[in-house]
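Student: give me a 3D structure for the following:
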Amino acid sequence: MRVAIVINTSWNIWNFRRSLVKALQAAGHEVLAIAPPDDYSARLETELGCRYVPILMENKGTNPVKDALLTRQFYQVYRREKPDVVLQYTIKPNIYGTLAARLAGIPSVNNVSGLGTVFIVKNLVSKVALGLYRFAFRYPHRVFFQNDDDRQLFLQHGLVQARITDLLPGSGIDTRKFQPAPVFQRQQPFTFLMIARVLYEKGVEEYFEAARRVREAMPGTRIQLLGGIDESGGVGVKRAVFEQWLQAGNVEYLGTSDNVAAHIAQADCVVLPSYREGTPKTLLEAAAMGKPIVTTDVPGCRETVEDGVNGFLCEVRNGADLAEKMLQVQGLPDAQLAEMGRASRQLAEEKFDERIVLEKYLRVVAEIGSRRKA
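Tutor: This next block holds a predicted model:
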């Protein structure tokens, strides 16, 4: 079968769907990668063996004219490339790609990987988005959710029928690739790491407040931030504001990296004070590498932490509470810190192994294939 993976950036396919691409290819399927062009587009062909198909897409904003044209673009691409099934991720492919797939007579499988600002910010744009979800989600063959809170929210709002929904443990994590260090070693100085784009909804502002409080209580503590600056769509922290925050000297900004695991390995604890997630890949990576986690008690994040066992849950939008939980981790003796890390690894193996995700996708693709042959 010809299977198309459709996402809002080529970077996203490279970073989060590589294992899925390989699993589909190993099962004998041809894989098309359909996404806007970026620095990772060529690598999808040369290193992953996909056929890359570009499509232009604005990730932020809801301009009705542009979005209508996007549906037409998807339709033209789907008609030309003739995939047997499209696997779609992120809001615009989930909505406009689904409508185009319906028009082109192609089964679609959608993945709701976090609700972004749609349910966090209540405004006209979010109301329009909910209406579009309700319309488009009449048509997919299957809709995967990455946590049950998101699925229940869609069901309560009447956006999707329960019979076509299913749950996945996020994107899953390759527990063979992401491994703990052979021997536990506490960093000197103690090091916290947050991995996220510089967006308000990721809790970046709270992280800077917590960093100030932690370093006042424990001077010399190393507090790092890894992730790109994103000023598009009005949801990111403006570069000038971000640079002003950095001048306080409490957070070390690491920019971006293709080797996130190397940064996790050098941290004692991974932190994500996000307002809402699907299931954050970075926390799954941290868990698989045996790191304690501090994250918010919100959908998507809370699934990665058993409070007090492999980390701590903090209140959302509360920098003071975040700082308190970070200091609790830092204050643990080596033996308890190591035990917390082992609990994270066990959770990754039992609940978030990517093989669970891959098997569900292979099953649904095979199911669609058998129906098309019937």
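Student: where does pLDDT dip in the chain?
Tutor: Along the chain, segments meeting pLDDT under 70 span 59-62, 64, 116-122, 233-234, 374.
Student: in it, which residue is most central in space?
Tutor: Central residue of the chain (C-alpha atoms, centre = their mean): P280, 4.7 Å from the mean position.
Student: pretty sure it sits against G170.
Tutor: Yes. If you go by C-beta atoms under 8 Å, P280 and G170 touch, sitting 7.2 Å apart. Placement of C-beta: from N, CA and C, glycine included.
Student: list the contacts of the residue nearest to the centre of the chain.
Tutor: Counting by C-beta atoms under 8 Å, 6 or more residues apart in numbering, P280 makes contact with 170, 272, 274, 295, 300-301, 304.
Student: how about 6 Å then?
Tutor: Going by C-beta atoms under 6 Å, 6 or more residues apart in numbering, P280 touches L272.
Student: what's the answer for A35, then?
Tutor: When contacts are counted by C-beta under 6 Å, 6+ apart, A35 touches 7, 9-10, 13.
Student: how does this protein divide into domains?
Tutor: 2-172+353-373, 191-351 (automatic domain parsing).
Student: now those domains as CSV including distance to P182?
Tutor: Shown next, in CSV, are the domains of the chain (distance: least, C-beta to C-beta, whole Å):
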stretch, distance to P182
domain 2-172+353-373, 21
domain 191-351, 10
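Student: out of those domains, which gets nearest to V183?
Tutor: Set against V183 and scored by C-beta to C-beta, these come closest in domain 191-351, at 9.7 Å.
Student: how about R212: what's its closest non-neighbour residue?
Tutor: N250 (5.0 Å; C-beta to C-beta, 6 or more residues apart in numbering).
Student: isn't the one you found right next to E216, touching?
Tutor: No. Using C-beta atoms under 6 Å, N250 makes no contact with E216, being 8.9 Å away.
Student: neighbour count: the two, which is higher?
Tutor: N250 (19 against 11; other C-beta atoms under 10 Å).
Student: tell me the SS of the closest residue to T304 other than its chain neighbours?
Tutor: Spatially, and ignoring its direct neighbours in sequence, T304 is nearest to L283 (4.4 Å; C-beta to C-beta, 6+ apart). Secondary structure for L283, judged by DSSP: H, G, I helix; E, B strand; the rest coil, is helix.
Student: for L69, see how far away L283 is.
Tutor: Plainly put, L283 is 36 Å away from L69 if you go by C-beta to C-beta, to the nearest Å.
Student: between those two, who's got more neighbours?
Tutor: The neighbour comparison of L283 against L69 (other C-beta under 10 Å) goes to L283, with 30 against 13.
Student: how close does that one get to Q224?
Tutor: Remark: distance between L283 and Q224 (C-beta to C-beta) = 15 Å.
Student: L193 too?
Tutor: Distance from L193 to Q224, by C-beta to C-beta: 5 Å.
Student: check G290 too.
Tutor: Distance, G290 to Q224, by C-beta to C-beta: 18 Å.
Student: go on, L132?
Tutor: For L132 relative to Q224 (C-beta to C-beta), the value is 38 Å.
Student: also N147?
Tutor: Distance from N147 to Q224, counting by C-beta to C-beta: 27 Å.
Student: the two: who's more crowded?
Tutor: Shown here are N147 and Q224; by other C-beta under 10 Å, N147 has more neighbours (26 against 19).
Student: does that one touch G300 like I think?
Tutor: Yes. With contact defined as C-beta under 6 Å, N147 reaches G300; the gap is 5.0 Å.
Student: joint contacts of those two?
Tutor: Counting by C-beta under 6 Å, 6+ apart, the residues touching both N147 and G300 are T279.
Student: Q152: which element?
Tutor: If you go by DSSP states H and E, Q152 is part of helix 148-156.
Student: from the chain's centre, how far out does that helix sit?
Tutor: 18 Å (C-alpha atoms, centre = their mean, to the nearest Å).
Student: which parts of that helix are buried?
Tutor: For helix 148-156, the neighbour count (16 or more other C-beta atoms under 10 Å) marks 149-151, 153-154 as buried.
Student: dump the C-alpha coordinates for that helix into CSV.
Tutor: Taking Å, rounded to 0.1, in the frame of the first residue of the first chain, the C-alpha atoms of helix 148-156 are listed here in CSV:
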residue,chain,number,x,y,z
ASP,A,148,-8.0,10.3,27.6
ASP,A,149,-8.6,13.9,28.8
ASP,A,150,-8.4,15.1,25.1
ARG,A,151,-10.6,12.3,23.9
GLN,A,152,-13.3,13.0,26.6
LEU,A,153,-13.2,16.7,25.7
PHE,A,154,-13.9,15.9,22.0
LEU,A,155,-16.7,13.5,23.0
GLN,A,156,-18.3,16.0,25.4
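Student: what's the first helix or strand after it?
Tutor: Downstream of helix 148-156, the first helix or strand assigned by DSSP H and E is strand 165-167.
Student: contacting residues around N94?
Tutor: Counting by C-beta under 6 Å, 6+ apart, N94 makes contact with 88, 110.
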